[in-house]
Structure formats: structure tokens, C-alpha cells
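> Give the three-dimensional model of this entry:
(2 chains)
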Amino acid sequence: MAIPSYATRGERLWHYVFLGLCALIFLFLVGPLLVIIPLSFNAEPYFTFSEAMLRLDPAGYSLRWYEDFFTSSEWLGAIKNSFIIGIASTLLATVLGTLAALGLSSRHMPARGAIMALLISPMIVPLIISAAAMFFFFSKVNLAQTYPGVILAHTALGIPFVVITVTATLSSFDTTLIRAAHSLGANPARTFFKVVLPLVTPGVVSGALFAFITSFDEVVVVLFIAGPEQRTMPIQMWSGIREQISPTILAVATLLVLLSMLLLTTLELLRRRGERLRGVSPG
Amino acid sequence: MSQSPSDTLTTADGVPLKVSLRRAVRRSKFKALLLVSPLLAFLIIAFVMPILDMLWRSVDNPEVSTRLSRTVEALEGWDGESLPGEPVFAALVADLREGQEARDLGLLSSRLNYEKSGMRSAISRTARRLGNLEPPYREALIEINDSWGELSTWKLIERESSPYTLSYYLAAMDRQLSPEGEIVKVPDYLEIHVALFWRTFWMSAVITGLTLLLGYPIAYLLANLPLRHSNLLMILVLLPFWTSLLVRTTTWIAILQSQGVLNDMMVAIGVIADEARWQMIHNKTGTIVAMTHILLPFMILPLYSVMKTIPPSYMRAARSLGGKPILSFRRVYFPLTIPGIAAGGILVFILAIGYYITPALVGGQSGRFITNYIAYHMQTSLNWGLAAAIASILLLVVIVFYLVFNRLIGVDKVKLG
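Predicted structure coming up:
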């Protein structure tokens, strides 16, 4: 976005004003996430910077909320639940979603638009509506307040993400590669494992990551259909925020921000790998 | 076998090519459907059936017709002008005795209480004294509770004997049926839902407008920077997108609350006095700020993908033809970005009207959405029929916008990250 040489003085001025505005908006986007990180090291049980913290006095900082987090059986139990539910529902959603994406990207798929709209709908229907509906239905069939119930619900919510990412990957998949592999003497199994799978895997993995984070971050459905046994991390945070007793949730929040940074990096690497394998662009 | 050239083409084993092609297409159609079917079956069981069940629940009205079946039968042919006769009261006593034994009068009494206040206590008081009740039941019941002597009670029972009802939808629209069967407004102190629907819609519109206002410049910048820089800045957009919703809501609580970071800062630099701290949370401001922040990436990403496709030469051409910057932008660039604005706008609006967590945590009393009332009726008032009706109305609105979105952009064009 260089300034063109014919720009007038007013335009130059506007250019810098525009950049300044953009910087402010970026601050609005990321600032809140950065504020929470130092706050989580607060030695006092407050949600704001203490004077000692502002003086950069080491006594103003402590790891007590992290210690609190890692020694609390409630939080650790919640993490365990989140991982159990997240991993199980991700596996289910990925297997079902990938199979469906393979079918959907076939040229002869009948009623593709309608089916696609149905498969995406769990992402569009407001969570509170899905949660209420699942609560009514799952209580009838004795799935409410059970692990399988929560896992099934999260699988349904994660499916659209898998379907979208995998169909996107498949649509850019060059089918002549399969014919090339065949003509070079590879049998179907070898073609699948040596040619198709490596090209499709990045898409499947990023779909799975989306599904996992959806489950890992989901509050509303768990709030309605889970019992105390299935208490997950977001539920623990939800009640922590409502009661606002201790900044432990700030420590948790910081850890989650780090987790999302990790996820984002992984996804970016996957995307680049996918592009490199397909020879689209050098990244 | 002699073949003239006009004969249809055949494959090597003598099948006409057309038939063979049709067979191959059919086979590949079948294969595609087979691949999709496990997921379709799964979603129908785990998602579509629950939604249908909820829709059904919003009109389902089993309480009176099953629990008071004898009374309803005895009421048949009642003129509706005067109190029903002794047989009807006797049937009611029999029904209530049975219900008392099965201990399931609770649902019936709450169902009738939604329509006419006082019915809950009328039923529970009557049920408690059923043991030593002697005929004539008519006088005995009226003595226990006046409600049994009111014409409106019997009209209500007669009306609610139908297995389906629209009264939950009426309640969701702050309406009810009067004893005469006309649709009237509920008393003022019960009027909540319509106002909340409107508030949800206009606040979502404000949030959508704000995300557009903030998202447009960012998307423009990202689309026009060289890829090296824009990839880096894109991370600043994607990081909040990937961060837990609860984390982002928590940060806004920490920043906006009256003892929070922003107020402390303002007091410290002397903009506001310590006792006049801004009230920015647990009200509309809190909901709007936090939700604008949370939904901003959903506006930026579709805008960006549209702006990316606009060649920079268009603006240069407009300028070289003598267009002033503002004019060229308005007449050339802006119209080209309208598909992105539509996509982002509808997406943000759909997501906003269905938000529950953020308004519940930072909205306080005045920043609440209709979704919070669905949760209230599900968990606190336990009026599930009403919760289902409100949810169904909201679902209808979302589906309408979703169809528009699908028409304009196509769901399969949705890109993530």
C-alpha cells in the first residue's frame, strides 16, 4: 500500500490517518487478549492492575493463580472431561465428515446443495436452540447427563467444520494425479496411501482441529445436557466468571490464549504444507 | 452380424454406450450417497430429530386431555352459559383422585396456571382434601376453592382439552386468550418477550454496523498490503477468532468493570473522578462492545476475500480518468465490495441474534437478549413449552436469513481461517 507518486498532500495525510485508524482497530482486536496475560500474574485477588504491579515491583506479581489452577481437583477434573469429550467427538466428527466430504465432492452427488445446507446447519442454528432441542430429545432417550450424550451433541456441532474444510481441500484436489499414479503402475491401495492421503491429510487435520476447538470451547450445550459428572472446562470458567471470586480464571484464560496461538501456528503450517504439496504457491 | 454406421455405439461387450454411461453414473451416484449416508443418518438422529421434537413441543398440549380425560368427556355438549352440572364435577373428582394417586398433578396445575393464575393452588388445595370429599361434589368443590365456581375455569378446561395449542406462541408474543376466546395482550407486568425480540434485533443490527465500520478498513488494508505483511497482520485477526469465547468475554469484564483496567486508567490520568466511574458493563454497552469484538473477525474474513479479488488497476483507472479519491472510491471500489458486505453482514447478524453466553455474562438486566429468556424458561420458570415456542420463532428468523445468505453467497463458499 505504497502512496502513489501523484498523491496530493491531503491524500498523504489521509493515508497516515488511515494507517493510524487501522492500528487502533488492531489494538481493539488484540489488546484485550494481551491485557489478560499480565493480569493473571497478579499477587492480589483483583481483576485489575495493583499499584505494585504498575511499579513493576516483583512482589506485585506471583504465580499463585497458576498454582491454584494446577492443584485444584475441580479444574483438573474439568480439563480431563474436556479432553475426553473433545477427543471422542473430534474422532467421530472427522471420520463421518471426511467420508461425507468424499461423497459430496463426487461429480454425480445428487441434491448436493440441499444436503450441504443440512450438514452446515448445526453451525448456523443458534447454540441455545440446539441446546434446548437436544435437552428435550436426549432426556427422552436417556442420553441427557451422560458422556455419550455430550459427545454426540459435540460431534453434531463439529461436523460442519470438518465438512467445510475437507470439501475445500478436495475441490482443489487434482484427480489426474490418481490416473497418473495408476498409469505408472500403482494399485488403488497404493495410490490412496501414497498420493491421495498425503494431499488430503492437511485438510482433514485442520477440520479435526476446528472440531476439537469447537467442542473444547462449547458452553451452552454442556450447560443444558451435561450433569455434574461431565463438568467441562468452559463450564468451570462460566461459573467462575459468574461468581468472580478468584483470578484463577485469568490464569486459565492466559493458558487458553497460549493454546490458541499454538493451534493457529499449527493450522498455518498445515496450510503451507498443503499448498507446497499441491504446488500452488511457495507460501 | 452386420452393423450399419447408423446403429448406436456400443462398448466392447456389446452394451449400447448410452446405457453403459447411465449405469456408470448411477453407480457413482450411489457411491456418493453411500459415503454421505452415515453422516446424514447421524445428523438426523442427533440434530434434526431434536429440533423437530422441539417444534412439536411448542404446540404439544397433553396435560388436560390426558389427565382430565373424564372431565373433558363429561364437558362435551356443555352450553358454556352456566356452570356445568354435577356429573362434570364428579368426573373432575375422579380424575383428580387418579392423578393424586399417580402423583402427577404438577404438570396439569402448572399448565392451567399459565393460562389462569390461581389454578395451581386451586388444584393442589382440592387434591389435598380429596380423601374425605362427599357428593354432591359441585358444592363441595366450590367451597374448597372459588375457581371451580367460575365460568372461565370451565371454559379454560374445555379449550385446553385439545391435544394441540397455540397458546405458547401467543405467550411468546405477549398475547393470551381471554375467557371469551379472543386474543388479548397480557397484563403490562408480564409483557417481556416482544420487547426482548426487538432489542435482540436492533442490538444485533448495531453490532453488525459496528463490525462493518471497524472491519472494512482492516479488510482493505489486508487486501492491499503485500502478502508478506498482510499474512502477519492476518494473525492479529485470526488470534481472537481462535481464542475461547469465554476468554474474550472475561477480558472485557476485566477491562470494563467499574474497578477494571479502563476505569482505573481513566481515574489515574484524571479524566473521571474516582466516585464517577463509568458503568460500562452489565448493561447494553457491555454487550455491544464485547460482541463487536467477538464477531469482528467474521466480518473481516468475508470482506477480505472479496476485496482480494478486486484488481488495484480499477482504482488507478478511475483516478486517471479524473475521479477524485472519494468519488472513485464511492463509484468504483465500494460497489465491488457489496457482496462481501452482504456476506459478512448476514453472517454477523445471524450469529449475533443467537448469542447467549456473552449477553448473559456482560449484559446485566438491560443488555439481555431473547436467548437469555429461552434459558430462563428452560432452567428457572420450567415453562418448556414457552421456551420451545420462543426458540422456534428465533429459529424461523435465523433460517430466513440463512436462506438469503445461501442464495446470495452459497454455504459451500464459506471459508474458515
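
> Okay, helices next: where are they in the stretch 151-283 of chain A?
Using DSSP state H, counting those that start in this stretch, the helices of the stretch 151-283 of chain A run over A:176-183, A:188-191, A:197-216, A:220-225, A:233-243, A:248-278.

> Out of the ones you listed, which is the most enclosed?
helix A:220-225 (a mean of 24; mean count of other C-beta atoms under 10 Å in any protein chain shown). Using the backbone N, CA and C atoms, a C-beta is placed for each residue, glycine as well.

> Say whether chain B is contacted by it.
Yes: interface with chain B: helix A:220-225 contributes A:V220, A:F224 (C-beta under 8 Å from any C-beta of the partner chain).

> Now do that helix: everything it contacts.
By C-beta atoms under 8 Å, 6 or more residues apart in numbering or on different chains, the surrounding residues in contact with helix A:220-225 are A:127-128, A:130-132, A:134-135, A:138, A:143-145, A:149-150, A:153-154, A:157, A:230, A:232, A:234-235, A:238, B:356-357, B:378.

> The helices of the stretch 151-283 of chain A into a markdown table, with extra columns for mean pLDDT?
Below are those laid out as a markdown table (pLDDT from 0 to 100):
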| stretch | mean pLDDT |
| --- | --- |
| helix A:176-183 | 87 |
| helix A:188-191 | 86 |
| helix A:197-216 | 87 |
| helix A:220-225 | 92 |
| helix A:233-243 | 86 |
| helix A:248-278 | 83 |
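
> where are the low-confidence patches of the chain?
No chain specified, so I'll use chain A. A:1-2, A:244-245, A:278-283 (pLDDT under 70).

> could you do chain B instead?
B:1-7, B:410-417.

> quick one: the strands in it?
Assigned strands in chain B, in chain order: B:175-177, B:183-185 (criterion: DSSP state E).

> Out of those strands, the one nearest B:L295 is which?
Minimum separation from B:L295 across those (C-beta to C-beta) falls at strand B:175-177, 32.5 Å.

> Tell me who's in contact with the residue nearest to B:W242 when sequence neighbours are not counted.
Nearest non-adjacent residue to B:W242, counting by C-beta to C-beta, 6 or more residues apart in numbering or on different chains: A:S260, 4.1 Å away. Residues near A:S260 by C-beta under 8 Å, 6+ apart: A:I213, B:L239, B:W242, B:T243, B:S244.

> If we use 7 Å, what do you get?
When contacts are counted by C-beta atoms under 7 Å, 6 or more residues apart in numbering or on different chains, A:S260 touches B:L239, B:W242, B:T243.

> Pretty sure the first one sits against A:L34.
Looking back up the chat, that one is B:L239. No: if you go by C-beta atoms under 7 Å, B:L239 and A:L34 don't touch, sitting 9.9 Å apart.

> More neighbours: which of those two?
Set B:L239 next to A:L34 and count neighbours by other C-beta atoms under 10 Å in any protein chain shown: B:L239 wins out with 19 against 13.

> Next up, the contacts around that one.
Neighbouring residues of B:L239 by C-beta under 7 Å, 6+ apart: A:V30, A:L33, A:S260, A:M261, A:L264.

> just B:V348 next, same as before
B:I207, B:T208, B:T211, B:L295, B:F298, B:M299.

> Against A:L91, how distant is the third one?
What that stands for is B:T211. 34 Å (C-beta to C-beta, to the nearest Å).

> And for B:S392, the neighbour number?
22.

> residues touching it, list them.
B:S392 neighbours (C-beta under 7 Å, 6+ apart): B:M54, B:L55, B:S58.

> related to what we said a few turns ago, between the contacts of B:V348, which is closest to B:V404?
Distances from B:V404 to the contacts of B:V348, taken by C-beta to C-beta, are shortest for B:T208, at 13.9 Å.

> I'd guessed the closest one sits against B:A343; true?
No: shown here, B:T208 and B:A343 do not form a contact pair, counting by C-beta under 7 Å, at 11.9 Å.

> For chain A, give the residue positioned nearest to chain B.
For chain A and chain B, the shortest gap (C-beta to the nearest C-beta) falls at A:P126, measuring 2.4 Å.

> Can you tell me the number of residues neighbouring the closest residue to that residue other than its chain neighbours?
What sits nearest to A:P126 in space, not counting adjacent residues and going by C-beta to C-beta, 6+ apart, is B:G354, at 2.4 Å. As a burial measure, B:G354 scores 25 neighbours (other C-beta under 10 Å).

> if I've got this straight, A:N142 is in a helix?
No: under DSSP: H, G, I helix; E, B strand; the rest coil, A:N142 falls outside any helix and is assigned coil.

> For it, what are phi and psi?
Taking degrees, to the nearest 10, you get phi 60, psi 30 for the backbone angles of A:N142.

> what's the neighbour count on it?
That count, for A:N142 with other C-beta under 10 Å as the rule, works out to 10.

> Let me see the contact set for the one residue in the stretch 301-417 of chain B that gets nearest to chain A.
Nearest residue of the stretch 301-417 of chain B to chain A: B:G354, at 2.4 Å (C-beta to the nearest C-beta). Contact partners of B:G354, counting by C-beta under 7 Å, 6+ apart, are A:P126, A:L127, A:I128, B:T371, B:L394, B:V398.

> rerun that using 8 Å as the cut-off
A:V125, A:P126, A:L127, A:I128, A:I129, B:T371, B:L394, B:V398.

> Could you do B:I253 as well?
Per C-beta under 8 Å, 6+ apart, neighbours of B:I253: A:F47, A:I241, A:Q244, B:G260, B:I281, B:L361, B:V362.

> ok, now how distant is A:A100 from A:I120?
A:A100 is 11 Å from A:I120, where distance means C-beta to C-beta.

> Domain-wise, how is the chain divided?
With no chain named, the answer covers chain A. A:9-60, A:75-245 (automatic domain parsing).

> wrong one, I was asking about chain B
Split by automatic domain parsing, chain B gives B:62-163, B:193-413.

> and the first one with chain A, contact?
Okay, so that is domain B:62-163. No: using C-beta under 8 Å from any C-beta, domain B:62-163 stays clear of chain A, coming no nearer than 13.6 Å.

> gap between the two ends of that domain?
Counting by C-alpha to C-alpha, to the nearest Å, you get 5 Å between the two ends of domain B:62-163.

> Quick one: residues contacting the residue lying closest to A:R190 once chain neighbours are set aside.
In space, and not counting its chain neighbours, A:R190 is closest to A:A181: 7.5 Å by C-beta to C-beta, 6+ apart. By C-beta under 8 Å, 6+ apart, the contact list for A:A181 reads A:R190, A:T191, A:K194, A:V195.

> Quick check: which of the domains of chain A is buried the most?
With neighbours defined as mean count of other C-beta under 10 Å, the domains of chain A peak in mean count at domain A:75-245, which reaches a mean of 20.
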